[in-house]
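[1] Provided below for reference: sequence and predicted model.
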Amino acid sequence: MAENAVLIYVALAVIGFLAGLTVRLPTLLLVLSLVLLFSILSAVNSGLGVTGTTVTIVCMQTIVQASYFIGLVAKAAIGTHRIPHL
């Protein structure tokens with residue numbers, strides 16, 4: 001179970017980072033709502049209680065939002081090193 005959780009968290013971080021590089025806020029909101037549904041389903045499927053479900057939801061949302069922000073910062077950093085047009 002622990003290996004699956006690590007893979008899920010890494011996948012969420014990659015999704016958030018790629019979303020930060022490529023999409024705008026409305027698409028992030030769609031991604032976050034899908035992550036919310038996935039985290040609720042996975043927590044209920046695992047048999048977690050209310051506290052465990054809440055922690056699962058908060059962790060997954062935080063991972064996606066933080067990696068989205070890192071993707072935005074990387075996009076801004078890459079965008080500042082362009083060669084000017086002549």
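    On my side now, so go ahead. Numbers count the residues shown, from 1 in each chain.

[2] what about stretch 54-74, average pLDDT?
    Mean pLDDT, stretch 54-74: 92.

[3] For it, buried residues please.
    Under the neighbour-count criterion of 16 or more other CB atoms under 10 Å, stretch 54-74 has 56-57, 60-61, 63-65, 67-68, 71-72 buried. No exception for glycine: its C-beta is placed from N, CA and C like everyone else's.

[4] give the contact list for the most centrally placed residue in the chain.
    Central residue of the chain (CA atoms, centre = their mean): residue 64, 1.7 Å from the mean position. Residue 64 makes contacts with 12-13, 15-16, 19, 31-32, 35, as judged by CB atoms under 8 Å, 6 or more residues apart in numbering.

[5] residue boundaries of the helices in the protein?
    In the chain, the helices defined using DSSP state H lie at 2-22, 25-46, 50-79.

[6] before we move on, back to that, taking the contacts of residue 64 together, which two end up most distant?
    Within the contacts of residue 64, 13 and 32 form the most distant pair, 13.9 Å apart (CB to CB).

[7] Residue ranges in the protein under the pLDDT threshold?
    1-2, 80-86 (pLDDT under 70).

[8] Residue 39 contacts residue 55, correct?
    No: the criterion here is CB atoms under 8 Å, and residue 39 misses it with residue 55 at 9.9 Å.

[9] burial count for residue 43?
    By the criterion of other CB atoms under 10 Å, residue 43 has 19 neighbours.

[10] swap in the one 10 residues further on?
    Residue crowding around residue 53 was assessed by other CB under 10 Å; the count is 17.

[11] any idea how far it is from residue 64?
    17 Å (CB to CB, to the nearest Å).

[12] Likewise for residue 17?
    Between residue 17 and residue 64 the computed distance is 9 Å (CB to CB).

[13] Hmm, residue 37 and residue 61 touching each other?
    No: here residue 61 does not reach residue 37: they are 11.6 Å apart, not a contact under CB under 8 Å.

[14] Please identify the buried residues of stretch 25-37?
    Of the residues in stretch 25-37, 28, 31-32, 35 count as buried by neighbour count, 16+ other CB under 10 Å.
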